[in-house]
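Novice: sequence first, then the predicted structure, then my questions.
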Amino acid sequence: DTYLSKDEIISIGTFLTKKENEESVRSPNTGYDFLILNVTGGCNLACRYCFAETATYYQTMTFDIARKAILNMINQDNDCEEYSIYFFGGEPLLKKELVRQITEYAHDVIVWGRGGKVNFLVNTNATLVNDVAVRLFKQYNFKVTVSLDGPMAYHDRTRIYHSGKGSFEKVMEGVYLLKKNGIHTDLRATFTPDTQDLVSNFMFFERLKLPYAYSFTINSEYKLNMKDTFFEEEQFGTIEQELRKVMDFFYIKIRNEETIYYTGLNRKLSALRFKSKRTYSCEAGRKSLTVDERGNYFACQNMIPYKQTILGDVDAGITENKKNRFRSKDLEVLADCRNCTIRNLCAGGCVVE
């Protein structure tokens with residue numbers, strides 16, 4: 001009995017247009033302060049849906065590339081005082097010593113050299129989390145995002161070692177070690193065409209009492225295993241029904257004034273409450289840039305498989321017209337969004353998708 005009618009959905013969407021002080025449609029070109037370093041293409045797992053290179057061939061970022069990328073960011077002509085560096089892969093904890101070296105350097109040049117502030121983040125599968133990693137995370141106050149796809153039955157279908165063995169138990173060991181040591185930890189789930197019973201997955205994450213987000217797999221011509229990533233059109237109706245059940249689950253939690261750990265729902269409810277209007281979907285190519293292990297710039301890490309989206313490199317710099325082409329789009333240039341009543345809640349969606 002809790003489903004909204006189409007008229008109710010439209011009224012919620014147009015509620016955002018009532019904001020008195022409209023934000024600028026275009027973000028100011030003030031440079032970027034969020035740097036994603038894809039430190040290695042290698043990984044100790046062989047997840048069926050992943051686009052990263054794994055055991056057969058991969059490259060690792062040199063410290064010199066990371067150093068140049070950091071200096072390029074902080075030497076921009078702006079007055080930014082706070083930066084963020086996000087370690088990505090592959091599996092960045094395969095290169096713990098490199099991550100430590102880069103972290104110490106960034107901290108020295110930003111905090112001691114410029115009197116600024118730097119935040120450190122890492123995306124990991126958590127199988128390599130140990131006391132050494134925990135000490136680094138504690139020392140520099142890392143925020144750690146762990147890839148976890150749900151209960152063992154779901155997670156171990158796709159997030160496997162090269163031998164074919166599931167990784168769930170080892171991942172959970174890492175999660176509990178992070179939690180035990182007070183490391184700021186959140187979770188990231190990826191749902192594939194094979195995932196069913198979404199409610200059970202969301203219940204699982206809520207019971208862990210850690211912030212989490214989710215996405216569905218993105219298909220591309222770079223993925224040989226299309227069956228593990230591609231959603232057929234006839235599956236969309238089933239997914240919608242599953243998500244309706246998920247929202248019934250959250251509706252009950254809201255009515256009971258229980259804590260909700262799914263960050264996406266909290267953000268959307270907050271946007272409605274405070275009438276926050278979004279005029280573009282994310283900071284890709286705006287306040288955030290990615291550098292791959294070869295030193296190439298991309299608007300975001302999900303673009304790394306698409307070599308035509310390279311924006312430049314750490315030596316030659318960035319081509320502005322390519323940056324403008326591949327950054328997240330303003331709503332005003334997206335024809336399909338112009339007359340949409342919930343455009344400022346969705347903000348146009350992911351460029352890569």
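Specialist: Cool, the structure landed. Residues are numbered from 1 along each chain as shown.

Novice: residue 330 reaches residue 280, doesn't it?
Specialist: Yes. The pair residue 330 and residue 280 qualifies as a contact (C-beta atoms under 8 Å) at a distance of 5.3 Å. In this view, the C-beta of every residue, glycine as well, is placed from N, C-alpha and C.

Novice: comparing these two, which shows the higher neighbour count?
Specialist: residue 280 (22 against 17; other C-beta atoms under 10 Å).

Novice: need the three-state assignment for the closest residue in space to the more buried one that isn't next to it in sequence.
Specialist: The spatially closest residue to residue 280, leaving aside those adjacent along the chain, is residue 328, at 4.8 Å (C-beta to C-beta, 6 or more residues apart in numbering). Following DSSP: H, G, I helix; E, B strand; the rest coil, the label given to residue 328 is coil.

Novice: all strands of the stretch 1-150 of the chain, in order?
Specialist: Applying DSSP state E, counting those that start in this stretch to the stretch 1-150 of the chain gives strands spanning 34-40, 82-89, 117-124, 143-147.

Novice: now for the second one, which elements pack on it?
Specialist: On a contact count with 3 or more C-beta pairs under 8 Å, 6 or more residues apart in numbering; DSSP states H and E, strand 82-89 meets strand 34-40, helix 63-74, helix 96-107, strand 117-124.

Novice: parallel or antiparallel, which strands does that strand pair with?
Specialist: strand 34-40 (parallel), strand 117-124 (parallel) (DSSP bridges).

Novice: quick check: which of the ones you listed is buried the most?
Specialist: Burial of these is given as mean neighbour count (mean count of other C-beta atoms under 10 Å); strand 34-40 ranks first at a mean of 24.

Novice: test my guess that residue 261 contacts residue 206.
Specialist: Yes. With contact defined as C-beta under 8 Å, residue 261 counts as touching residue 206 (5.5 Å).

Novice: which ones are touching the residue nearest to residue 66 when sequence neighbours are not counted?
Specialist: Excluding its sequence neighbours, the residue lying closest to residue 66 (C-beta to C-beta, 6+ apart) is residue 102, at 4.6 Å. Residue 102 sits next to 37, 39, 63, 66-67, 70, 85, 87 when contact means C-beta atoms under 8 Å, 6 or more residues apart in numbering.

Novice: show me the two of these that sit farthest apart.
Specialist: Largest separation among the contacts of residue 102 by C-beta to C-beta: 67 and 87, giving 14.5 Å.

Novice: out of the two, which sits in the busier spot?
Specialist: Remark: of residue 67 and residue 87, residue 87 carries more neighbours, 26 against 16, as counted by other C-beta under 10 Å.

Novice: setting the sequence-adjacent residues aside, check what's closest to that one.
Specialist: Using C-beta to C-beta, 6+ apart, the closest residue to residue 87 is residue 122 (4.3 Å).

Novice: now flag whichever of the contacts of residue 102 is closest to residue 347.
Specialist: Nearest to residue 347 among those, counting by C-beta to C-beta, is residue 85 at 25.1 Å.

Novice: bridging residues for that closest one?
Specialist: Under the criterion used (DSSP bridges), residue 85 bridges to residue 35, residue 120.

Novice: tell me the bridge partners for the residue nearest the centre of the chain.
Specialist: The centroid of the chain falls nearest to residue 188 when counting by C-alpha atoms, centre = their mean (7.9 Å). With DSSP bridges as the criterion, residue 188 is bridged to residue 147, residue 213.

Novice: list the contacts for it?
Specialist: 123, 145-148, 212-215 are the contacts of residue 188 under C-beta under 8 Å, 6+ apart.

Novice: how about residue 82: what's its closest non-neighbour residue?
Specialist: Distances taken as C-beta to C-beta, 6+ apart place residue 117 nearest to residue 82, at 4.3 Å, with adjacent residues excluded.

Novice: repeat for residue 114
Specialist: In this structure, residue 114 finds its nearest non-sequential neighbour in residue 74, 6.7 Å apart by C-beta to C-beta, 6+ apart.

Novice: for residue 272, see how far away that neighbour is.
Specialist: 37 Å (C-beta to C-beta, to the nearest Å).

Novice: in terms of neighbours, single out the busier of those two.
Specialist: residue 74 (19 against 14).

Novice: before we move on, the earlier item: any idea which of the helices and strands packed on strand 82-89 gets closest to residue 318?
Specialist: Of all these, helix 63-74 comes closest under C-beta to C-beta, at 8.6 Å.

Novice: close enough to count as contact, residue 340 and residue 346?
Specialist: Yes. At 7.5 Å, residue 340 counts as touching residue 346 under the criterion of C-beta under 8 Å.

Novice: model confidence for the closest residue in space to residue 152 that isn't next to it in sequence, exactly?
Specialist: Ranked by C-beta to C-beta, 6+ apart and with sequence neighbours excluded, the top spatial neighbour of residue 152 is residue 168, at 4.2 Å. We have a pLDDT of 98 for residue 168.

Novice: again, but for residue 143
Specialist: On the pLDDT scale, residue 143 is placed at 98.

Novice: give the bridge partners for it, please.
Specialist: Beta-bridge pairing for residue 143 (DSSP bridges): residue 121, residue 184.

Novice: check the spacing between it and residue 159 real quick.
Specialist: Counting by C-beta to C-beta, the gap from residue 143 to residue 159 is 21 Å.

Novice: so the two - more neighbours on which side?
Specialist: In this view residue 143 and residue 159 are compared by other C-beta under 10 Å, and residue 159 has more residues nearby, 24 against 16.

Novice: how about residue 194, nearest residue that isn't a chain neighbour?
Specialist: Ranked by C-beta to C-beta, 6+ apart and with sequence neighbours excluded, the top spatial neighbour of residue 194 is residue 157, at 6.1 Å.
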